[in-house]
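[1] any chance you could fold what I've pasted below:
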Amino acid sequence: MIRTVIYGGSFDPVHRAHEGIIKNLAARFDEVIVVPTYISPFKQGESVAPASLRLEMLNSLDLPSNVFVSDFEIASGGTSYSINTVRHFSSPEKKLYFAIGSEGARSVGKWRCSEELRQLCEFYVIKRPGYDDSRSEFTTADFVGEDVSSSEVKVAIAFGKEDGLVSDSVKRIIKSNDLYTDYVRFTSCYKLFGMKKERIEHTYRATLEGIKLAKRYDESVIKCIIALIMHDIGKYVTPEMLKKMQIPVPDCGDLPAPCVHAEYGAAIAKHCFDLSDEIVEAIRTHTTCGVNMSKLGEIVALADYIEPGRDFEGVEKVRAAARISLTLAVKTMLRQTIDYLSAENSYIAPITIEAYEKYDKLCRG
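    The predicted model follows:
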């Protein structure tokens, strides 16, 4: 019997981690069928490259001879459901497997005809760093996928850092078709607002961290990306610059000086980019936090605090908490912030103390 594994996805774009998974699957199965979706039921509303170009990207790769790229879902059109694909490739001479990431394993029960899917194929779960909670009833791969996602590639493109994340052939297709430029309108304004190189690097790292937190805690990845790309846009802005740009200068009240840039950034986000109130508020509270923060606001504040470039004492404790509970992580972050400012005899914004008291109470139950 032929051991066949189906590996589906939007592949928007196909990147280094996808290639690694495909090659690992090819070494473990007789046949690998790679199936790009036409429209994913889990990604409707997102900007997606045309199906023909995503198929072209996959076909441009140098893949093992037992790998076959199928246009079944693209040719079928409409929303792509895994059950239809599995039915199509199912046959008596094949033992069928369906490869999914460990983050996807949590939602299999929500898939269309999930019970029939379990009867027709065996789920083959590929772990990724940070997503090690795959369900035990599924077969788990003996390799771990790289920690790269298509969302991260799109952010990298906006920062000019896509080299090494996609193959040269895929990069050429992206460039020649001007794909994945959604976030460039934000990063292209960094110079206008005086963003320094080290601040841009921090922003890039924080945005990648925010993507991981958004996926872990089921928040909009797109909202997190935009909020984090913009969270420090006001870092080097002065009231005079805002007035010259005809942006209303916000009343910063009793905010300490290191937190004023969050208010300036929120004003820029609102008046220059017309971003949603939710995103604007997440930018405004990313330094002080607040008692009424949304999940988006919590993630933005945490990503800014724990991004990989941070190496201060106590940051690992917050990172560990972020793998357990968003509420616990915010409480831990606020406690450390208050303790640090107290030790430095620095002013603590009242809203930060109020936020800590709220999250402490929530953690106490």
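[2] how far is the strand or helix carrying residue 209 from where the chain is centred?
    Using DSSP states H and E, residue 209 sits in helix 197-216. Relative to the centre of its chain, helix 197-216 is centred 9 Å away, using Cα atoms, centre = their mean, to the nearest Å.
[3] for the most centrally placed residue in the chain, give me the pLDDT.
    In the chain, the centroid-proximal residue (Cα atoms, centre = their mean) is residue 211; its distance is 2.3 Å. Note for residue 211: predicted pLDDT of 95.
[4] the nearest residue to it once chain neighbours are set aside: which element?
    Take residue 211 and drop its neighbours on the chain: the residue closest to it by Cβ to Cβ, 6 or more residues apart in numbering is residue 151, 5.1 Å away. (Each C-beta comes from the backbone N, C-alpha and C, glycine too.) Element membership for residue 151 (DSSP H and E) is helix 150-158.
[5] kindly report the same for residue 84.
    For residue 84, the host element (DSSP H and E) is helix 82-89.
[6] sort out which residues of that helix are buried, please.
    Within helix 82-89, the residues that count as buried by 16 or more other Cβ atoms under 10 Å are 82, 83, 85, 86, 89.
[7] so which of these comes closest to residue 245?
    residue 82 (49.1 Å; Cβ to Cβ).
[8] I'd say that closest one and residue 99 touch.
    No - using Cβ atoms under 8 Å, residue 82 is not in contact with residue 99; the gap is 10.9 Å.
[9] give the residues shared as contacts by the two.
    Both residue 82 and residue 99 are contacted by residue 8, under the criterion Cβ atoms under 8 Å, 6 or more residues apart in numbering.
[10] what about the helices in the stretch 1-150 of the chain?
    According to DSSP state H, counting those that start in this stretch, the stretch 1-150 of the chain carries its helices in the segments 16-26, 51-59, 72-76, 82-89, 102-105, 114-120, 150-158.
[11] for residue 287, which of these is the nearest?
    helix 150-158 (21.7 Å).
[12] now do the closest one and helix 197-216, the angle between them.
    Interaxial angle of helix 150-158 relative to helix 197-216 (axes from the mean of the first three to the mean of the last three Cα atoms, to 10 degrees): 160 degrees.
[13] okay, buried residues for the helix or strand hosting residue 338 please.
    Residue 338 is part of helix 326-343 when elements are defined by DSSP H and E. Across helix 326-343, burial judged by 16+ other Cβ under 10 Å covers 326-337, 341.
[14] elements contacting the lowest-mean-pLDDT helix or strand in the chain?
    Least confident helix or strand, the chain: helix 102-105 with a mean of 75, by mean pLDDT, DSSP states H and E. Judged by 3 or more Cβ pairs under 8 Å, 6 or more residues apart in numbering; DSSP states H and E, the packing partners of helix 102-105 are strand 122-127.
[15] what average pLDDT does the strand it packs on get?
    Strand 122-127 comes out at a mean pLDDT of 92.
[16] for stretch 144-154, same thing?
    On average, stretch 144-154 scores 92.
[17] ditto for stretch 286-293
    If you average the pLDDT over stretch 286-293, you get 96.
[18] let me see the ranges of the strands in the protein.
    Assigned by DSSP state E, the strands in the chain fall at 2-9, 31-36, 67-69, 94-101, 122-127, 139-144.
[19] just give me the neighbour total for the spatially closest residue to residue 245 that is not a sequence neighbour.
    If the residues on either side of it in the chain are set aside, residue 245 comes closest to residue 272, at 7.4 Å by Cβ to Cβ, 6+ apart. Neighbours of residue 272 under the rule other Cβ atoms under 10 Å: 17.
[20] show me what contacts residue 272?
    Neighbours of residue 272 in contact, by Cβ under 8 Å, 6+ apart: 189, 245, 247.
[21] how far away is the last one from residue 261?
    Just to be clear, that refers to residue 247. Distance, residue 247 to residue 261, using Cβ to Cβ, to the nearest Å: 14 Å.
[22] those two - which one has more neighbours?
    residue 261 (22 against 18).
[23] picking that back up, and the residue nearest to residue 245, how far is that from residue 265?
    Residue 272 is 10 Å from residue 265, by Cβ to Cβ.
[24] quick one: the helices in the stretch 251-365 of the chain?
    For the stretch 251-365 of the chain, the helices defined by DSSP H, counting those that start in this stretch occupy 260-271, 277-284, 295-306, 315-322, 326-343, 350-364.
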